[in-house]
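Chemist: sequence isn't available, so here's the structure alone:
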Ligand code: AHR
């Protein structure tokens, strides 16, 4: 099979915002406890944080991490997680039917973010709580000493404000499963009032209003219209979530799902434009896709705990999807979509980062390892920074339930003019045929291949485990050749590829 691509240096979509490679950590299962925090672990630092995990997060260059939820945040009292540890209460977490010790709270998480080299994005509880608690929380975190909340923070060991910029106004407030679920009008009005109040404290905060939890929920996309009509002028981003699954064991259908993601982004971008026009506004609200990943492998095993059959366990194994090779292809496809829609998707957070539907897994007292999906996320985060190119792509395709003519070749291109790197991220969706791809390189000058990484597997269900952590890893690719202003490459069936060129300006 053949496909052709044209990449022109000046045909750009947008400068990618590095926050596109963000992540999410929730007080859920073992994300925090025995994920990032395990005082007795051989690699634990003075604060009880696992250094082996910190090193993996640093390797990923995660720019920003959303915290502490998720569904968890909708009944969370942030005050429970500050002050002397021995005085912190254990609470029942209604979202996941577990116990929360509150051993980790905003102070400890801020310290972890510093160690891991990430910025913290905080979510506010707008489920069981409201405006006053939101205001108090922001003042506690960012307020000066000499005020009630700033002084309390100081008394808890931190005089300097944390200086957190990004604030999520609740989580999935459209979801009937959410503690404190609201209608679009109820939520839109509350979000607008909270946003106005937080802006009165600090006009430079970046505020994120809840959009839809998924594109199948019946309130989508009317939810976005109503909420934005209430809050457009007061917020910066609208949050979207989407999870992907291959329950029917149909790989072709599964790997077409980023077309659904693309349509979702397109519809919300249009809704934003509609409200902007309605309000005669100059402001451009953009999308913060702050939860996305594959999530389905663990659904059955989680049922018991979620139904309460095990009582209220602390940090049980929940949402621990073991990701296989085809999931790595899916994650590569999602990241390609975000790069291609980087004009409107400015922030995205893989959900989540450690143990809970995550690229990193840990064993209590034992090792930490990279799941299959770690690698496409790593390559995009390291090399997907610069200008997203508007590629012309001609590829044979197939019809799927979510879209017609889904191309076998899925490709995104990023040019970093500063370092002179031109990187392509490509997935061959064909089960048995290789794709011979011809890329016409226009306006780049001389080029040479400097790196080529390939993920393939004879078994699409192969996973990395504690015993076999390196079963699915990228390998050096061969056969990508540049000559006469063209890049020629052969993409093996069901493969993820990263091809990196060094280019000089013509
Ligand atoms: O990431 C797991 C859960 O998925 C989050 O808590 C929630 O926001 C979403 O439904």
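Modeler: It's in. This structure is a prediction, so every number in the text was calculated from the model and none was measured.
Chemist: quick one: contacts for whichever residue of the stretch 401-506 of the chain sits closest to the ligand?
Modeler: Closest residue of the stretch 401-506 of the chain to the ligand, CB to the nearest ligand atom: residue 463 (20.0 Å). C-beta coordinates here come from the backbone N, C-alpha and C atoms, glycine included. Taking CB atoms under 8 Å, 6 or more residues apart in numbering, we find residue 463 in contact with 322, 323, 324, 325, 371, 372, 471, 472.
Chemist: if we go to 10 Å?
Modeler: Residue 463 makes contact with 297, 321-325, 327, 371-372, 457, 469, 471-472, according to CB atoms under 10 Å, 6 or more residues apart in numbering.
Chemist: for residue 156, same thing?
Modeler: Contacts of residue 156 (CB under 10 Å, 6+ apart): 82, 83, 84, 105, 106, 107, 140.
Chemist: once you drop chain neighbours, what's closest to the residue in the stretch 251-400 of the chain positioned nearest to the ligand?
Modeler: Ranked by CB to the nearest ligand atom, the top residue of the stretch 251-400 of the chain for proximity to the ligand is residue 351, at 4.3 Å. Using CB to CB, 6 or more residues apart in numbering and skipping the chain neighbours, the partner closest in space to residue 351 is residue 291 (4.0 Å).
Chemist: next structured bit after the helix or strand harbouring the one you found?
Modeler: In this structure, residue 291 sits in strand 286-294 according to DSSP states H and E. Downstream of strand 286-294, the next assigned helix or strand under DSSP H and E is helix 299-306.
Chemist: average pLDDT across that next one?
Modeler: Helix 299-306 shows a mean pLDDT of 97.
Chemist: contact residues of the stretch 51-200 of the chain facing the ligand?
Modeler: Taking CB under 6 Å from any ligand atom as the criterion, the stretch 51-200 of the chain approaches the ligand at residues 69, 70, 71, 171, 172.
Chemist: what residues does the stretch 351-500 of the chain put near the ligand?
Modeler: Checking the stretch 351-500 of the chain against the ligand by CB under 6 Å from any ligand atom, the hits are 351, 352.
Chemist: nearest to residue 31 among the contacts of residue 463?
Modeler: Within the contacts of residue 463, the smallest distance to residue 31 is 12.5 Å, found for residue 321 (CB to CB).
Chemist: that closest one: what secondary structure?
Modeler: coil (DSSP: H, G, I helix; E, B strand; the rest coil).
Chemist: check contacts around the closest residue to it other than its chain neighbours.
Modeler: Distance criterion CB to CB, 6+ apart; nearest residue to residue 321, sequence neighbours excluded, is residue 297 at 4.0 Å. By CB under 10 Å, 6+ apart, the contact list for residue 297 reads 245, 246, 247, 319, 320, 321, 322, 323, 324, 327, 357, 463.
Chemist: can you say which of those are buried?
Modeler: Among the contacts of residue 297, the ones that count as buried by 16 or more other CB atoms under 10 Å are 246, 319, 320, 321, 323, 324, 327, 357, 463.
Chemist: any regions of this structure where pLDDT drops low?
Modeler: 505-506 (pLDDT under 70).
Chemist: how about it: which residue is closest to the ligand?
Modeler: Closest point on the chain to the ligand, by CB to the nearest ligand atom, is residue 70, at 3.0 Å.
Chemist: now, the most widely separated pair of the residues of the stretch 51-200 of the chain next to the ligand?
Modeler: 69 and 172 (9.5 Å).
Chemist: torsion angles phi and psi at the residue of the stretch 401-506 of the chain closest to the ligand?
Modeler: phi -130, psi 160 (degrees, to the nearest 10).
Chemist: residue 258 too?
Modeler: phi -70, psi -10.
Chemist: ok, it touching residue 294?
Modeler: No. Judged on CB atoms under 10 Å, residue 258 makes no contact with residue 294 at a distance of 11.5 Å.
Chemist: between these two, who's got more neighbours?
Modeler: residue 258 (26 against 23; other CB atoms under 10 Å).
Chemist: any idea how far that one lies from residue 429?
Modeler: Separation of residue 258 from residue 429 (CB to CB, to the nearest Å): 10 Å.
Chemist: please apply the same query to residue 351.
Modeler: From residue 351 across to residue 429, the span is 24 Å (CB to CB).
Chemist: how about residue 370?
Modeler: 24 Å.
Chemist: the residue nearest to residue 383 when sequence neighbours are not counted: helix or strand, and which one exactly?
Modeler: Using CB to CB, 6+ apart and skipping the chain neighbours, the partner closest in space to residue 383 is residue 423 (4.4 Å). Residue 423 is part of strand 421-428 when elements are defined by DSSP H and E.
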